[in-house]
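1. my questions are about this predicted structure, shown below with the sequence.
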Amino acid sequence: MLIEVLKKARPDIDALALLRQQATLSGRKNPLLQLGSHVNPNPVLSTRIEPDFDAVLARHSAKRKKKKHRSHARSYADAGGWTIITAETPEQAKRLLDAFFTMKARQFRQAGIADPFAPAGIHGFFNEIFGSAAHQADKRFEIKALEVGGQLRSVIGKIISGRTQCVEFCSISQDELDNTSPGEFLFYEDMALSCQQNAEIYSFGIGDEPYKRHWCDIEEPAFDTVYGLTLNGKIYTQLFRLRMHVTRRVKHNPRLWALAKTIRAKLKR
């Protein structure tokens, strides 16, 4: 029924693409996977949260993490002091988002990746949802940052759904404090706070990165559904599936993935 209604209402659309879906939500199966789905090359990585943060740390090299965190805190104190900022007003949310967009754009340029936040309207969209949620006591969207010496050094944005906190985006500045892992420091502080907030799951979202593996003990698949509505759409669907198959093979081979990222960055430059 969904497909027939879509074809009738928008005959100009060639394909339906629903990417990075969950298989279930709140105990209900995702009916859209019936249209034909494939596992996304990137998993969703999360960790279980307990009221005692030390219990969470105990699963992930607690001694090393604590020592590293104390060392970086001393470095931040020497650099002018540090604080964790949680946006409580639309103006604060905009400041943190502006810093995030700047940091991330630089990171994408260096990696040879097109900036998904660059198109018109994207900044306004994020400012609207995080700005409107900033003053709410029971936030569904939350953005926070690590500030050291009066400068923002790392930013994370989260969606809070029930007792699950999901990091949807993050960024770090590239400056004289690079070697103090400001992103990791912010995650440490935020995860400790989430334990006090009675969270059950702290998710780093989709994507496989070493810093996520240092925390996570839950790995879940995400699913892509691509359904061709026209002849062009059906051709696109087959090409998309081929691309995802190649991507999955490359990402599951550490050497090939490292080589692919190097080539991508050089081609961009």
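-> Arrived safely, thanks for sending.
2. roughly how far does the residue lying closest to residue 197 once chain neighbours are set aside sit from residue 158?
-> Nearest in space to residue 197, with sequence neighbours left out and distances taken as Cβ to Cβ, 6 or more residues apart in numbering, is residue 165 at 8.0 Å. Glycine gets a C-beta too; all of them are placed from N, C-alpha and C. Per Cβ to Cβ, to the nearest Å, residue 165 is found 5 Å from residue 158.
3. can you read off the backbone torsions of residue 118?
-> phi -80, psi -30 (degrees, to the nearest 10).
4. that one touches residue 105, doesn't it?
-> Yes. Using Cβ atoms under 8 Å, residue 118 is in contact with residue 105, at 7.1 Å.
5. got a list of what the residue nearest to residue 87 when sequence neighbours are not counted touches?
-> In space, and not counting its chain neighbours, residue 87 is closest to residue 93: 3.9 Å by Cβ to Cβ, 6+ apart. For residue 93, the contact set (Cβ atoms under 8 Å, 6 or more residues apart in numbering) comprises 87, 127, 130-131, 133-134, 143.
6. check the residues you listed for burial and list the buried ones.
-> Buried members of the contacts of residue 93, scored by 16 or more other Cβ atoms under 10 Å, are 87, 130-131, 133-134, 143.
7. neighbours of residue 186, how many?
-> Residue 186 has 21 neighbouring residues, counting by other Cβ atoms under 10 Å.
8. and the helix or strand containing it, what's buried?
-> Here residue 186 sits within helix 182-196, counting by DSSP states H and E. Buried residues in helix 182-196, counted by 16+ other Cβ under 10 Å: 182-191, 194-195.
9. for that helix, the averaged confidence score.
-> Averaged over helix 182-196, pLDDT sits at 95.
10. reformat the buried residues of helix 182-196 as JSON lines; add distance to residue 30.
-> JSON lines is the format used below for these (distance: Cβ to Cβ, whole Å):
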{"residue": "182", "distance to residue 30": "36"}
{"residue": "183", "distance to residue 30": "31"}
{"residue": "184", "distance to residue 30": "33"}
{"residue": "185", "distance to residue 30": "36"}
{"residue": "186", "distance to residue 30": "32"}
{"residue": "187", "distance to residue 30": "29"}
{"residue": "188", "distance to residue 30": "33"}
{"residue": "189", "distance to residue 30": "34"}
{"residue": "190", "distance to residue 30": "29"}
{"residue": "191", "distance to residue 30": "28"}
{"residue": "194", "distance to residue 30": "26"}
{"residue": "195", "distance to residue 30": "30"}
